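3D, please:
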Amino acid sequence: MAAQPDPVPAATRSPRIAIVDDDAFQREVMRQLLFNLGHDAVEDWPSGPIALERLAQLDSTQMLLIIDLEMPGMDGVELMRGLARRRYAGALALVSVAGGRVLESAVRLAREHGIHVVGHARKPASLALLRGLVDAWRASAAAAPRRPRRSYGVAELRRALAQDELTLAYQPQVALADGRLTAVEALVRWQHPFDGLVGPADFVEDLEAHGLIDELTDRVLALALAQAARWRAEAGLAPRVAVNVSMASLDRLDFPDRLLAALAAHRLAPATLLLEVTESRLMSHRSTSMDILTRLRLHHVELAIDDFGTGHSSLAQLRDLPFDELKIDRSFVHGAPLSTTQRAIIAASIEMAHLLGMRTVAEGVEDEADWQAVRAAGCDVAQGYFIARPMSGDALPAWCAERERALRSAAQIVIDFDDLAGSSGSVPQGIPIH
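Below is the predicted model of the structure:
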């Protein structure tokens, strides 16, 4: 008889995984697959009510719950509702024979409930699918937990604006046709004296609430224009600079005049600047905003509709305002290769934008699969971690130089091959140029 392996000490065992499925055979298959992946601390529960009863007795912080959506009595959607009521703190993976769009909708519903979803899979689950879900769970468990957003008072915010605590990072945007830099997006950060580097999601809402968003807009524009002038003078770089502007800032009729004066003071052409209009709420003074944006376009400042397809950024805005660029929100871009719905939305957005004479920018291009998906769909420009993370203004020239070297090297490889075939020397689809 073969020797049995020593049992894994309890202290080193993987965190608990639980399978919720009414089909005993499917539960056993998944148990065996998970065991093959090195997980022996697996429980299986035959129904939603039993799962909720067992979870009430456990610390669910480090759990992975794999649930079937289609179960009699209490289906997966009802179970997710129960998990939300009980403040389930672990991770969730969904499996089902249901179609892809139903699964994707269920994932979004779980996230609306505040549940951390690591992925979904069609049944029957294979070893490769379960490995992907478990790997995603492990990666998320290893990540540092995000601290809850704190609120900042008006005195702190005024100090930040007055004492130059705000800084900008710049994320490159590149043409999908040849990989070359077309623009950079200026992203505001707060170097807080006690909290460290604070992202905009943690303080812009407070600035709006305290009526300080105009001061933020003025400060960001001043920093961005000064940096653009330095790039031109010191490195010979002249990328278009995109700056986010909330509709809440577009209520001063003198805004175009002051902005044009600032451009002139830095000896920058108006087309250097692109304003990304983020409509976090409906326009309170619609005619004023339309007046301002139309005047800016008359003077050749470019406009982009940001986060298209989310919030209040909509077809009505495309109809009424003279945008040059449509930015496809990252929620549609990342993961698009695995979602027919996301790919359809991307394709429709690109076709519509091109019919209106607009450029398209895909935000949230996080990996090569995202890059290839938006490139195949005909998108013009890409932005995301696959290309570059946000960087300081001083770091951009070196990044541009390194990228140009990489692109020339890739093009030379193609030329060497094309010498045999008699073709052109452009960078081909198959060579990654991130």
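
Any regions of this structure where pLDDT drops low?
Scanning the chain for pLDDT under 70 picks out 1-15, 99, 142-149, 279-285, 311-314, 413-434.

Domain ranges for it, per the record?
Listed by automatic domain parsing, the domain ranges of the chain are 13-142, 154-415.

can you redo those domains as CSV with mean neighbour count?
Backbone N, C-alpha and C define where each C-beta goes, glycine included. Listed next are the domains of the chain as CSV, based on neighbours: other Cβ atoms under 10 Å:
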stretch, mean neighbour count
domain 13-142, 17
domain 154-415, 18
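
ok, so what distance separates the closest residue to Cys400 other than its chain neighbours from Val188?
Nearest residue to Cys400, sequence neighbours excluded (Cβ to Cβ, 6 or more residues apart in numbering): Leu181, at 5.8 Å. Noted for Leu181: a distance of 21 Å to Val188, by Cβ to Cβ, to the nearest Å.

Check Ala248 too.
Taking Cβ to Cβ, one finds Ala248 at 15 Å from Val188.

Leu274 now?
Counting by Cβ to Cβ - Leu274 and Val188 are separated by 16 Å.

And the contacts of the host helix or strand of Ala316?
Take DSSP states H and E as the rule and Ala316 turns out to sit in helix 315-320. With contacts defined as Cβ atoms under 8 Å, 6 or more residues apart in numbering, helix 315-320 is touched by Val277, Glu279, Met290, Ile305, Phe323, Leu326, Met352, Leu356.

out of these, what pair is the most spread apart?
Met290 and Met352 (20.7 Å; Cβ to Cβ).

Redo the contacts of helix 315-320 as TSV? Include distance to Trp371.
Putting the contacts of helix 315-320 into TSV (distance: Cβ to Cβ, whole Å) gives the following:
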residue	distance to Trp371
Val277	26
Glu279	28
Met290	36
Ile305	22
Phe323	24
Leu326	18
Met352	22
Leu356	24
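
Those in helices, which ones?
Applying DSSP state H to those, the entries found in helices are Met290, Met352.

Which of the contacts of helix 315-320 fall in strands?
Among the contacts of helix 315-320, the members found in strands (DSSP state E) are Val277, Ile305, Leu326.

any idea how far the first one is from Asp320?
Going back to what we said before, that points to Val277. Counting by Cβ to Cβ, the gap from Val277 to Asp320 is 12 Å.

try the second one
Applying Cβ to Cβ, the value for Ile305 to Asp320 is 11 Å.

what do you get for the last one?
According to Cβ to Cβ, Leu326 stands 14 Å off from Asp320.

what's the closest non-adjacent residue to Leu237?
Using Cβ to Cβ, 6+ apart, the closest residue to Leu237 is Trp231 (4.1 Å).

The one you found touches Asp394, doesn't it?
No - here Trp231 lies out of contact with Asp394, judged by Cβ atoms under 8 Å, at a distance of 9.8 Å.

host element of the residue nearest to Arg252 when sequence neighbours are not counted?
The shortest distance from Arg252 to any non-neighbouring residue, by Cβ to Cβ, 6+ apart, is to Asp214 (7.1 Å). Element membership for Asp214 (DSSP H and E) is helix 213-230.

Show me what the helix or strand following that helix is packed against.
The element immediately downstream of helix 213-230 (helix or strand, assigned by DSSP H and E) is strand 240-246. Packing partners of strand 240-246 (3 or more Cβ pairs under 8 Å, 6 or more residues apart in numbering; DSSP states H and E): strand 181-192, helix 213-230, strand 273-278, strand 302-308.

Can you tell me the strand partners of the last one and which way each runs?
In the sheet, strand 302-308 lines up against strand 273-278 (parallel), strand 325-328 (parallel) (DSSP bridges).

which residues are in contact with that strand?
240, 242, 244, 271, 273-278, 293, 296-297, 313, 317-318, 321-329, 349, 361, 363.

same check, this time on the third one
Around strand 273-278, the neighbours that count as contacts under Cβ under 8 Å, 6+ apart are 183, 185, 224-225, 228, 240-247, 250, 259, 263, 293, 296, 301-307, 313, 317, 321, 323-325, 327.

rerun at 6 Å
Contact with strand 273-278 is made by Arg240, Val241, Ala242, Val243, Asn244, Val245, Ser246, Val301, Glu302, Leu303, Ala304, Asp306, as judged by Cβ atoms under 6 Å, 6 or more residues apart in numbering.

what bridges to the fifth one?
Going back to what we said before, that points to Asn244. Glu276.

any idea how far Val204 is from it?
From Asn244 over to Val204 (counting by Cβ to Cβ), the distance is 9 Å.

Please apply the same query to the first one.
Relative to Val204, Arg240 is positioned 23 Å away (criterion: Cβ to Cβ).

Check the second one too.
Look at Val241 and Val204: by Cβ to Cβ, they are 19 Å apart.

likewise the fourth one?
In this structure, Val243 and Val204 are separated by 13 Å, where distance is defined by Cβ to Cβ.

roughly how far out does stretch 76-92 sit from the chain middle?
Distance of stretch 76-92 from its chain centroid, counting by Cα atoms, centre = their mean, to the nearest Å, is 25 Å.

Show residues contacting that stretch.
48, 52, 60-61, 63-65, 67, 69, 110, 113, 115-118, 137.

For Phe35, state which of those is nearest.
Leu64 (14.4 Å).

who's in contact with the closest one?
Ile17, Ala91, Trp137.

and Ala51, what is it in contact with?
Contacts of Ala51 by Cβ under 6 Å, 6+ apart are Val20, Trp45.

next one: Met63
Applying Cβ under 6 Å, 6+ apart to Met63 gives the contacts Arg16, Gly90.

roughly how far apart are Ala183 and Glu276?
Separation of Ala183 from Glu276 (Cβ to Cβ): 10 Å.

Now do the shared contacts for these two.
Ala242.
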